[in-house]
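Engineer: got a sequence here, can you build the structure:
(one chain, ligands or ions: 2)
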Amino acid sequence: MAGIVVVFDFDKTIIDLDSDNWVVDELGATDLFNQLLPTMPWNSVMLFNKLQDRMMKELHEQGKTIKDIEEVLKRAPAIPRVVPAIKAAHALGCDLRIVSDANLFYIETILNHLGISDCFTEIHTNPGYVDEEGRLRIRPHHDFHTSSHGCSSNTCPPNMCKGLVIEKIQASLAKEGKKRMIYLGDGAGDYCPSLKLKEQDFVMPRKDFPVWKLINENHDLVKAEIHGWSDGEEQEQILLQIIKTISMEDNQFLSVDCKFQTIPINAVHEAITKALPVPY
Ligand SMILES: [Mg+2]
Ligand SMILES: [Zn+2]
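Structural biologist: Numbering: from 1, shown residues only. Ligands and ions are numbered 1, 2, ... in the order given. Next comes the predicted model:
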């Protein structure tokens, strides 16, 4: 199973909400946010993460601390069953990564709190760090000031094209001998990476969310196998079923170098038997 890479979006794919909105709302800054919105140049309004950085400046000036932000992030609920699904996929030897338009500070704080940060090998997102004044700074993943990321899809914001990230991962995987990718997401920004997946890959769009609509409207452009999910239970079942299917296809099941032997056999049994047939 070392040959499988599972790429997760973060907001509304791992946690049950949008982390940017959650922090603003929970810090009682929704009105401030709405006041700030019309004062930003129109191209900054498009740049949600630039707006977030400005929000953090205002909140810092109002006396909100990093600790306050951390406390809010720790209250962010994970989608039920997604944490066990991530742990199971990791235990089965899959290489898990995150590609998200949130920011590193939010993602790391929440993953640490959920006890699953060790399950991921890479996080591709907007840089987020605490500066010397104790203010959270949020920077673009792609510096659009120097150049465009080159993707013309109107579903990709100027600070991040997840499709480009997937292409870079694919290039490095070719060197590592990893073959299959499973991509999970919900938002419009998850559409571009879905188009980059190959025939042997799988895309798991969240049903009735923007990426689901886009994929359904452009079915012919998607080469990967499409498996929709609605809630965490379905995400867990489908993900583990796909992993099982791939491992059987690749004939790695219970092979000598398989990670299965490093975890209790009853845990494997539980993970596999829970996985139901994959619905479209
Ligand atoms: Mg999302
Ligand atoms: Zn793109």
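Engineer: for the helix or strand where Asp101 lies, name the packing helices and strands.
Structural biologist: Assigned by DSSP states H and E, Asp101 belongs to strand 95-103. If you count contacts as 3 or more CB pairs under 8 Å, 6 or more residues apart in numbering; DSSP states H and E, strand 95-103 packs onto strand 4-8, helix 48-61, helix 82-91, strand 120-126, helix 162-176. (Each C-beta comes from the backbone N, C-alpha and C, glycine too.)
Engineer: and the next helix or strand after it, C-alpha only, in PDB?
Structural biologist: Counting by DSSP H and E, the next helix or strand C-terminal to strand 95-103 is helix 104-114. Below are the C-alpha coordinates for helix 104-114, written out as PDB (Å, rounded to 0.1, in the frame of the first residue of the first chain):
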ATOM      1  CA  LEU A 104      -0.500  26.300   7.700                       C
ATOM      2  CA  PHE A 105      -1.200  27.800  11.200                       C
ATOM      3  CA  TYR A 106      -4.800  26.800  11.200                       C
ATOM      4  CA  ILE A 107      -4.200  23.300   9.700                       C
ATOM      5  CA  GLU A 108      -1.300  22.400  12.000                       C
ATOM      6  CA  THR A 109      -3.100  23.600  15.100                       C
ATOM      7  CA  ILE A 110      -6.200  21.600  14.300                       C
ATOM      8  CA  LEU A 111      -4.300  18.400  13.200                       C
ATOM      9  CA  ASN A 112      -2.300  18.500  16.400                       C
ATOM     10  CA  HIS A 113      -5.400  18.900  18.400                       C
ATOM     11  CA  LEU A 114      -7.100  16.000  16.600                       C
END
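Engineer: quick check: buried residues in helix 104-114?
Structural biologist: By neighbour count on 16 or more other CB atoms under 10 Å, the buried set for helix 104-114 is 104-111, 114.
Engineer: any chance of TSV for those residues, columns distance to ligand 1 and pLDDT?
Structural biologist: Shown next, in TSV, are those (distance: CB to the ion, whole Å; pLDDT from 0 to 100):
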residue	distance to ligand 1	pLDDT
Leu104	16	97
Phe105	17	97
Tyr106	12	97
Ile107	12	98
Glu108	17	98
Thr109	17	98
Ile110	13	98
Leu111	15	98
Leu114	16	98
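Engineer: pick the one among those residues closest to Leu197.
Structural biologist: Nearest to Leu197 among the buried residues of helix 104-114 is Ile107, at 22.3 Å by CB to CB.
Engineer: near ligand 1 at all, whatever helix or strand Ile182 lives in?
Structural biologist: Remark: Ile182 resides in strand 180-185, with elements defined by DSSP H and E. No: applying CB under 5 Å from the ion, one finds strand 180-185 out of contact with ligand 1, separated by at least 5.8 Å.
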